[in-house]
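Novice: 3D, please:
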Amino acid sequence: DLTHELRRLVEGEFNAGSLRVLVATSTLAQGVNLSCANVISVPTMLAGSDGNGAPAFCPLSVMRFRNQGGRAGRFRSTPADHSPEPGRYFGRSILVAENESETERLMQGYVFGSVEPLEPPAGEHALDRTVLDLVHCRLGQSHGRLFELLLSTYAGMTRWGARPQVLDQRIQESLARLES
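Specialist: Model (predicted):
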């Protein structure tokens, strides 16, 4: 992981044109705003454990592909090369395929396919990890702040919106597990 300062430096140099190519993980889709003309995606991504503790490859979700591809052309201050109309800025989202049949399959799945239903993460492990992340990045400095942040998320609204006392109890349990 990059420090906040180093991340800002890399983003600044890329946006200024000093860096022409930037290789990043799928976290590029998570709130990074770069003035890139092209985003190249591969149809697989490295995910969490496959059950034995080792990372595993899994298909890139349609939602993640579209989010990553949507980064192309954002915040452009100069015309993209070969723009069909002068002064019109655009970006390209490129999905890598090995052959024509895979190209067709990927087009149907990623370009014309439906986005997966949004599902909140389940289980104590997911909540523990979220609580730990919020505490680590200093967003959840108190039980009250953790409660407020988690209740404002999609999972919080769908799972605990009608029963906030259950979320309050789950946070207490999660903090106890993490402290032990």
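
Novice: List the buried residues for stretch 139-150?
Specialist: Under the neighbour-count criterion of 16 or more other CB atoms under 10 Å, stretch 139-150 has 140, 146-147, 150 buried. All C-beta spots, glycine's among them, are computed from the backbone N, C-alpha and C.

Novice: quick one: contacts of that stretch?
Specialist: Applying CB atoms under 8 Å, 6 or more residues apart in numbering, the contact partners of stretch 139-150 are 127, 130-131, 134-135, 156, 160, 164, 167-168, 171-172, 175.

Novice: same check, this time on stretch 90-105
Specialist: Stretch 90-105 is contacted by residues 36-43, 65, 68-74, 76, 80, 83, 106, 110-111 when judged by CB under 8 Å, 6+ apart.

Novice: Give me the ChimeraX select line for those residues, limited to the buried ones.
Specialist: Taking 16+ other CB under 10 Å as the burial criterion, the selection of buried members of the contacts of stretch 90-105 in ChimeraX is written as:
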select :36,37,39,41,43,65,68,69,71,72,73,80,106,110
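
Novice: Out of the buried residues of stretch 139-150, which is nearest to residue 56?
Specialist: residue 150 (27.6 Å; CB to CB).

Novice: Quick one: low-confidence residue ranges for this protein.
Specialist: In the prediction, the chain carries residues with pLDDT under 70 at positions 1, 26-33, 47-54, 74-89, 119-124.

Novice: Helices of that one, start to end?
Specialist: Across the chain, reading from the start of the chain, the helices by DSSP state H fall at 4-16, 62-69, 100-106, 123-136, 143-151, 154-155, 164-179.

Novice: chain center to the fifth one, what's the gap?
Specialist: Remark: helix 143-151 is offset 22 Å from the chain centroid, using CA atoms, centre = their mean, to the nearest Å.

Novice: And for the fourth one?
Specialist: Taking CA atoms, centre = their mean, one finds helix 123-136 lying 17 Å from the centre of the chain it belongs to.

Novice: which other residues reach that helix?
Specialist: Counting by CB under 8 Å, 6+ apart, the neighbours of helix 123-136 from elsewhere in the structure are 121, 140-141, 146, 149-150, 170-171, 173-175, 177-178.

Novice: in terms of contact, does residue 43 touch residue 106 like I think?
Specialist: Yes: here residue 43 reaches residue 106: they are 5.8 Å apart, a contact under CB atoms under 8 Å.
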